[in-house]
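3D model of this:
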Amino acid sequence: MAKKTETALELSNVRNIGIIAHIDAGKTTTTERVLYYTGMVHRIGEVHEGAATTDYMPQERERGITITASAVTASWKGYQINVIDTPGHVDFTAEVQRSLRVLDGGIVVFDGVAGVEPQSETVWRQANSYEVPRLCFVNKIDRTGARFQRCVDMMVERLAANPVPLQFPYGEGAEFEGIIDLLRMELVTFEGEMGNDILYHPIPEAYREQAETRRAEMIDKIVENDDYLTEKYLLGEEITDEELLPALRAATLAGKVHPVLCGSSLKNKGVQLMLDKVIELLPSPLDIPPVYGTHPKTDAEEVRHATDDEPVTALVFKILTDPFVGRLAFFRVYSGVVKTGTMLLNSSKGDRERIGRIVRMFADRREDIEEVHAGDVAAVLGLKGTFTGDTLCDPDKPIVLEKINFPEPVIEVAIEPNTKADQDKMGEALRRLAEEDPTFKIEVDDKLGQTKIRGMGELHLEVLVDRMMREFNVQATVGRPRVAYRETITRDRRSDMTFKRQSGGKGQYARVVIEFEPLPEEEAEKATDGLYFVDAIRGGSIPREFIRPTENGIREAMAGGVLAGYPVVGVKASLVDGSFHDVDSSEMAFKIAGSMALKEAVHAAKPVLLEPTMSVEVVVPEEYTGTIVGDLSSRRGIISGMEPRGNGTSVRANVPLGEMFGYATTVRNLTQGRGSFTMEFEKYSVAPGSIVDDVIKGNA
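Sure, this is the predicted structure:
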């Protein structure tokens, strides 16, 4: 197949957007409509039929959910839109995290009946942390119980957002017929089977007063972010539509307001208007600030602007293992032009990589291209040592961009191959899956001769094991899920530890004095793998070459645990003093001394076990509310709130993960199949003594 040579598109005509939301809010259905209306597909594939374009994995089609973020490129009215459809299930939150890292704008989809749900809050916080401007799309307005205004109010209450409705529905539930546009002050309806014919009508008299009130509220919120318009407004001068849109766009890009649209993706109403607003209100690569990084050797700050004329800078944000073509690395180009055949530097690792085959992705379909310009997203085949979070750049102008931070796994299972032949294949399969997914960890327990895999939840590990069996043809037995506990200290402890060994010839000698303390909250961001190590040696009591081995010894001991064999976290260790021997001291001696100091300190610093606590929301018919509250309380759950939700009640609680295994079955049994629940990781909390005893005995 001939490669396609792409001409550089005007950067102002490019939009890199992600579609993010809680599970089942309609992200993939919305993405499917975007592909249809932009001409990328000629037949709409429905999620419930297992035929959605971006849900192409067998596991996605069987479960009717999105598991992996899918990239598609579409065109709308002369603009190129790179769309990433992200998962909504909390177990796959890393997919959202890495997508938001490289996107310029987002569309947050809300269920018009359920409103703001737990995962909506999570993705909103993630978007806040990356300062991603976003539009809000209230979907499923055609469903019974849909209430547009309630959803907008929840955005304020739960997200601390500043929603600015630009539309509101003409009828709700079964009576939903169209959308009233507050900018154009028109009623918009969508005719034809696929909603292709967009018709504009005067606003019906029954809705005229509501439309004028809502338009006045919209103008109030827009002008308060623009000094010139504020002045005109206070002077009573008329503000034209031509003045409103630029002011609205500027406020949206600054994250001061969040425009709200509405519709029903399944019923083909409202998606074209949403695409118009993506172009009008969301940023192009030129609208976002330049990207900053550091020089890999000097740590000096480097800056790159979104232009083809600057040195190449790109960030790899996703790895995908394709059984037919090998490993695909998705990347975002921040500056310069990435061309096939060129040699780039992986500045995160210090290695060089040849750019072989570049492809533009259309979900699972690929199109070969020659080059990728600044501001664009594509994928490359054949990179050997480049993984998620690595920077690719011009070897003569190196820069390292900020890495992507991922949450730690909270659940683990033991896995054993069924046959000797499966053993070798399993190791390779797990390695390749771990390359794809930064929240999937593998640990080999030498004492038990057992392989453990860790992930973000039961579904996460279930899907990965299923992929291992199908894609890599490995047969294995999986143990029951176990909680990924952590250990920490609650008191300060100064440890003066000497390691001394004499065996006839050259001996081993190292003495370290280390002050251990619970990691202060304000210094948590300085820690890596739960440890913030401070070199406080003065006067050369320990030579420089023994400092790092001491730190490594502490880290190794922390990874192995002290209290119950789980990793130690939340520790600040200050190396303040020590001594060495000119002949007998070595890196190994100081590493052992550091390890011994950590173990002694943990035992003496009143260690505690930490258990992951989950934020749980259960939605049930009203008559089952008491039953569910009682059940959650029996699971050591703390009820944090209850509120009406459609025709039922939403119960929110914080519950230890160890008490939630198999909860889906319990909810079904307690509510005769009418209840549902979602949960996401909240924080690590101190486990009670009874749980600690069970864990140490191996019963938990």
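
The residue lying closest to Arg501 once chain neighbours are set aside: what's it in contact with?
Leaving out its chain neighbours, the residue that sits closest to Arg501 by C-beta to C-beta, 6 or more residues apart in numbering is Gln508, at 4.2 Å. (Each C-beta comes from the backbone N, C-alpha and C, glycine too.) Applying C-beta atoms under 8 Å, 6 or more residues apart in numbering to Gln508 gives the contacts 499-501, 584-586, 588-589, 592.

Select from the residues you listed the one having the most neighbours.
Ala589 (26 neighbours; other C-beta atoms under 10 Å).

quick check, that residue in a helix?
Yes. The assignment for Ala589 (DSSP: H, G, I helix; E, B strand; the rest coil) places it in a helix.

Could you report the pLDDT at it?
For Ala589, the model assigns a pLDDT of 94.

contacting residues around it?
499, 501, 508-510.

let's see 7 Å
499, 508-510 (C-beta atoms under 7 Å, 6 or more residues apart in numbering).

for those residues, which one is nearest Ser690?
Phe499 (36.9 Å; C-beta to C-beta).

and that closest one, that's in a strand?
Yes. Under three-state DSSP, Phe499 sits within a strand.

in the sheet, who's paired with it?
Ala510 (DSSP bridges).

tell me the contacts of it?
508, 510, 589, 592-593, 596.

Next, work out how far apart it and Pro296 are.
Plainly put, Phe499 is 35 Å away from Pro296 if you go by C-beta to C-beta, to the nearest Å.

Next up, phi/psi of the residue nearest to the spatial centre of the chain, please.
Closest to where the C-alpha atoms of the chain average out (C-alpha atoms, centre = their mean) is Gln97, at 2.2 Å. With angles defined as degrees, to the nearest 10, Gln97 sits at phi -60, psi -50.

How about the one 10 residues further on?
Backbone torsions for Ile107, taken as degrees, to the nearest 10, come to phi -110, psi 120.

Also Glu545?
Torsion angles, degrees, to the nearest 10, at Glu545: phi -70, psi -10.

Please name the nearest non-neighbouring residue to it.
Nearest to Glu545 is Glu587, by C-beta to C-beta, 6+ apart, at 6.9 Å.

OK, contacts around the one you found?
545-546, 549.

repeat for Pro567
486-487, 530, 558-559, 561.

Sitting in strands, which of the residues you listed do you find?
Among the contacts of Pro567, the residues falling in strands (DSSP state E) are 486-487.

Quick one, which of the contacts of Pro567 are buried?
Listed as buried from the contacts of Pro567 are 486-487, 530, 558, 561; burial here means 16 or more other C-beta atoms under 10 Å.

Now the two most distant members of these.
Most distant of the buried ones among the contacts of Pro567, by C-beta to C-beta, are Gly530 and Gly561, 11.1 Å apart.

list residues touching both of these two?
With C-beta under 7 Å, 6+ apart as the test, Gly530 and Gly561 both reach 567-568.

Low-confidence ranges, this protein, go.
Residue ranges of the chain with pLDDT under 70: 1-9, 41-70, 85-93, 322-325, 362-365, 445-449, 503-505, 646, 698-700.

List the strands paired with the longest strand anywhere in it, with their directions.
In the chain, taking DSSP E as the definition, the longest strand is strand 608-621. Here strand 608-621 is paired, per DSSP bridges, with strand 486-488 (antiparallel), strand 648-656 (antiparallel), strand 676-686 (antiparallel).

for those strands, which one ends up most surrounded?
Compared across the strands paired with strand 608-621, strand 486-488 shows the largest average neighbour count, a mean of 24 (mean count of other C-beta atoms under 10 Å).

what does that one rub up against?
Here strand 486-488 has contacts from 518, 561-564, 566-571, 607-610, 684, using C-beta under 7 Å, 6+ apart.

hmm, which of those residues are the buried ones?
Neighbour counting by 16+ other C-beta under 10 Å classes 561-564, 566-571, 607-610, 684 among the contacts of strand 486-488 as buried.

quick one: which of those residues is nearest Asp24?
The shortest approach to Asp24 among the buried ones among the contacts of strand 486-488 belongs to Tyr684, at 28.2 Å (C-beta to C-beta).

What is the burial count for Thr298?
9.

That should have said Phe590, apologies.
30.

give me every residue that touches it.
510, 512, 546, 549-550, 553.

is it true that Thr30 touches Leu266?
No. Counting by C-beta atoms under 7 Å, Thr30 stays clear of Leu266, with 9.2 Å between them.

Give me the more crowded residue out of those two.
Set Thr30 next to Leu266 and count neighbours by other C-beta under 10 Å: Thr30 wins out with 25 against 19.

In a helix, that one, correct?
Yes. Thr30 forms part of a helix when assessed by three-state DSSP.

wait, what's in contact with it?
19, 109, 137, 139, 265, 271 are the contacts of Thr30 under C-beta under 7 Å, 6+ apart.

again, only using 6 Å
19, 109, 265 (C-beta atoms under 6 Å, 6 or more residues apart in numbering).

what do you get for Leu282?
15, 105.

Pull the residues that contact stretch 118-135.
With C-beta under 6 Å, 6+ apart as the test, stretch 118-135 has contacts from 20, 22, 88, 90, 96-97, 100, 105-108, 158-159, 252-253, 255, 259, 277, 283, 617, 678, 680.

Return the set of buried residues in it.
Buried-residue list, stretch 118-135, by 16+ other C-beta under 10 Å: 118-124, 126-127, 132-135.

what do you get for stretch 142-151?
By neighbour count on 16+ other C-beta under 10 Å, the buried set for stretch 142-151 is 142-143, 146-148, 151.

Now render the residues you listed as JSON lines, adding secondary structure.
Below are these laid out as JSON lines (three-state DSSP):
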{"residue": "Asp142", "secondary structure": "coil"}
{"residue": "Arg143", "secondary structure": "coil"}
{"residue": "Ala146", "secondary structure": "coil"}
{"residue": "Arg147", "secondary structure": "coil"}
{"residue": "Phe148", "secondary structure": "helix"}
{"residue": "Cys151", "secondary structure": "helix"}
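
these two touch, right, Thr230 and Val223?
Yes. The pair Thr230 / Val223 is scored as a contact, 5.3 Å apart, by C-beta atoms under 6 Å.

of those two, who's got more company?
Neighbours were counted for Thr230 and for Val223 using other C-beta under 10 Å; Val223 has more, 22 against 14.

Now do the same contact list for that one.
229-230, 233.

and what of Val695?
Applying C-beta under 6 Å, 6+ apart, the residues near Val695 are Ala564.

Got the phi and psi for it?
Note on Val695: its backbone torsions stand at phi -70, psi -50 [degrees, to the nearest 10].

ditto for Phe533
With angles defined as degrees, to the nearest 10, Phe533 sits at phi -100, psi 130.

Burial check on it, number of neighbours?
Counted with other C-beta under 10 Å, the neighbours of Phe533 add up to 21.

State the distance from it to Leu598.
From Phe533 over to Leu598 (counting by C-beta to C-beta), the distance is 11 Å.

which residue ranges form the strands in the stretch 501-650 of the chain?
508-518, 531-535, 571-579, 608-621, 638-645, 648-656 (DSSP state E, counting those that start in this stretch).

Flag every buried residue along the longest one.
For strand 608-621, a neighbour-count test (16+ other C-beta under 10 Å) marks 608-620 as buried.

Make JSON lines out of the residues you listed and add distance to Thr419.
Putting these into JSON lines (distance: C-beta to C-beta, whole Å) gives the following:
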{"residue": "Val608", "distance to Thr419": "42"}
{"residue": "Leu609", "distance to Thr419": "37"}
{"residue": "Leu610", "distance to Thr419": "38"}
{"residue": "Glu611", "distance to Thr419": "36"}
{"residue": "Pro612", "distance to Thr419": "34"}
{"residue": "Thr613", "distance to Thr419": "39"}
{"residue": "Met614", "distance to Thr419": "36"}
{"residue": "Ser615", "distance to Thr419": "41"}
{"residue": "Val616", "distance to Thr419": "40"}
{"residue": "Glu617", "distance to Thr419": "43"}
{"residue": "Val618", "distance to Thr419": "42"}
{"residue": "Val619", "distance to Thr419": "44"}
{"residue": "Val620", "distance to Thr419": "45"}
